[in-house]
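# Build me a model from this:
(one chain, ligands or ions: 1)
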Amino acid sequence: MIEALRSLQARVTGAAPPPETVTDVAEALEKLAATLEPFTVGERDQIAGHRGDLPGRGQAMSPVLHVDEWDGAHVLGRITFSRFYLGGNWAVHGGAIPLAFDEVLGRLASTGRTAARTAYLHVNYRKITPIEVELRVEAKVDRVEGRKRFLTGALYDGEHLTADAEGLFVELRPGQP
Ligand SMILES: CCCCCCCCCCCC(=O)SCCNC(=O)CCNC(=O)[C@H](O)C(C)(C)COP(=O)(O)OP(=O)(O)OC[C@H]1O[C@@H](n2cnc3c(N)ncnc32)[C@H](O)[C@@H]1OP(=O)(O)O
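Coordinates of the predicted model:
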């Protein structure tokens, strides 16, 4: 279902259908939303974002990370931004890149440790990040100071660094939301 939704997001973004098709699609989507409505659950029970066993953990908000290496200290993986993430001139939207970094660094920050939340995320845009190209993502834990975890990440198109990031993730105290 989530995979199909990702595909739909990309198709909708890239399409210029005739008015009758727009109407048909809108009606079909409204029908699908109504089909799901009776199955609305609380956050704890929803599927989206909770499937750690699936690439992208079953959510369609941020692009799917395909993991090649992952331990408590570093991540190596691949990310492809579909057309859904287009900003302009075939470059990824500047807001989608921090989203991807927050997803990767945020999950790494909490791997094998008490959960942490993003306190800040600094992103440098070095080159255009292209749409529909498989990119390499690297991330690592640089240092830990008490509850503070400092992580860095980088995104590469082949040999070219397109963006890098540095983030602070603060370990949550018991009961902290
Ligand atoms: C399959 C399922 C997977 C599920 C996996 C899900 C993966 C996605 C993960 C994504 C993660 C997110 O996006 S989380 C969502 C976005 N983030 C948030 O909403 C966080 C909102 N902010 C907060 O809740 C809070 O400000 C905290 C928790 C970050 C920190 O508050 P606190 O706990 O009260 O701690 P506090 O005393 O203020 O700070 C602790 C230390 O950190 C420093 N500090 C705090 N903020 C900053 C800052 N912005 N810049 C510099 N330093 C800072 C303080 O100076 C202090 O240093 P010192 O004096 O000790 O030296």
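# residues contacting the spatially most central residue of the chain?
Centroid-nearest residue in the chain: residue 62, 2.6 Å away (criterion: Cα atoms, centre = their mean). By Cβ atoms under 8 Å, 6 or more residues apart in numbering, the contact set of residue 62 is 56, 96, 99-100, 102-103. The way it works is simple: take the backbone N, C-alpha and C, and place the C-beta from them, glycine included.
# So it versus residue 53, what's the distance?
17 Å (Cβ to Cβ, to the nearest Å).
# residue ranges of the helices in this protein, please?
Assigned by DSSP state H, the chain shows helices spanning 2-14, 19-36, 96-109.
# by how many degrees do the longest one and helix 2-14 diverge?
In terms of direction (axes from the mean of the first three to the mean of the last three Cα atoms, to 10 degrees), helix 19-36 departs from helix 2-14 by 150 degrees.
# Other residues contacting helix 19-36?
Applying Cβ under 8 Å, 6+ apart, the external contacts of helix 19-36 come out as 12, 17.
# Distance from the chain centre to it, please.
Between the centre of helix 19-36 and the centre of its chain there are 26 Å (Cα atoms, centre = their mean, to the nearest Å).
# So what's the residue count around the residue of the chain found nearest the ligand?
The chain approaches the ligand most closely through residue 106 (2.6 Å), counting by Cβ to the nearest ligand atom. The local packing of residue 106 (other Cβ atoms under 10 Å) involves 18 other residues.
# And residue 4, by the same measure?
10.
# Residue 126 against residue 156, yeah?
No. Using Cβ atoms under 8 Å, residue 126 makes no contact with residue 156, being 9.8 Å away.
# Tell me how far residue 74 lies from residue 124.
Shown here: residue 74 relative to residue 124, a distance of 20 Å by Cβ to Cβ.
# Understood, closing this out.
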